[in-house]
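Engineer: quick check, what structure comes out for this input:
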Amino acid sequence: MRKSWMAAVAAMAVASGCGSGGGPAVDPAPTSSAASAPVPTPSAAHRLTVASPAYPDGGTIPRRYTCEGEDVSPPLGVTGVPAGTVSLALLLQDPDAPGGTFTHWLAWDIAPHTAHLAAGEHPAGAAEGRNGFGRTGYGGPCPPRGDHPHRYVLTVYATDRRPSLAPDTTPADLLGALSGHTLASGTLTGRYGR
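Structural biologist: Sure, this is the predicted structure:
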């Protein structure tokens, strides 16, 4: 079953926020500046494939996974995890938020054999940090009404260690802990507007 899921993810890969404005709570301001953090730099030869059966890379994120829907994380698949990977980490951010980059999800110490996550599934045994809404775990896209569709960039990192981070870890803390320890990474970008 795992191999069929990975084959489907690979096939999808080949085929293939936020501010105020009424309605549900929206991202008021960025929680940290990930731009000032060192960016993990894996070898160009090692790229992960990150895909979702819910939307293609560059496609529209379905309402179910946003603040206007069920606000659950989308289903995800990861392939291409290199040998020697000790853990995975993920970071979901909106670089188009009015106040600067806004964090929607950060998690680390994910088991390296994790090939997929179902919709709304928290990575088993992993640690999840506080998102820009002030909650632990996933917080879906919620851009200002009438704003252009925002980009939501989900990056998965394969690392050679298990970072020891506090529950209030910021994206800058996470990226700092991964710097020099990232074996591979990959992204999935979705768009959403209201």
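
Engineer: which strands or helices does the helix or strand where Val156 lies pack on?
Structural biologist: Element membership for Val156, per DSSP states H and E: strand 150-159. In this structure, strand 150-159 packs against strand 49-51, strand 76-79, strand 87-94, strand 182-192, with contacts taken as 3 or more CB pairs under 8 Å, 6 or more residues apart in numbering; DSSP states H and E. From N, CA and C alone the C-beta is placed, and that goes for glycine too.

Engineer: what strands line up against the shortest one, and which way round?
Structural biologist: Strand 49-51 pairs in its sheet with strand 76-79 (antiparallel), by DSSP bridges.

Engineer: centre of the chain to the partner strand, how far?
Structural biologist: 12 Å (CA atoms, centre = their mean, to the nearest Å).

Engineer: tell me the helices in this structure, going along the chain?
Structural biologist: 2-15, 171-178 (DSSP state H).

Engineer: which stretch in those helices is the model least sure about?
Structural biologist: The minimum mean pLDDT among the helices of the chain belongs to helix 2-15 (a mean of 39).

Engineer: quick one: buried residues of stretch 68-87?
Structural biologist: Going by neighbour count (16 or more other CB atoms under 10 Å), the buried part of stretch 68-87 is 68, 71-82, 85, 87.

Engineer: between those, which is nearest Thr170?
Structural biologist: The shortest gap between Thr170 and any of those belongs to Ser87, at 18.6 Å (CB to CB).

Engineer: ok, now which ones touch the closest one?
Structural biologist: The contact partners of Ser87, by CB atoms under 8 Å, 6 or more residues apart in numbering, come to 108-112, 159, 161-163.

Engineer: surely Tyr118 meets Pro75?
Structural biologist: Actually, residue 118 is Ala. It isn't Tyr. Yes: between Ala118 and Pro75 there is a contact at 5.5 Å, judged by CB atoms under 8 Å.

Engineer: just to revisit the earlier point, so what strands line up beside the strand holding Val156?
Structural biologist: Applying DSSP bridges, one finds strand 150-159 paired with strand 87-94 (antiparallel), strand 182-192 (antiparallel).

Engineer: lovely, talk soon.
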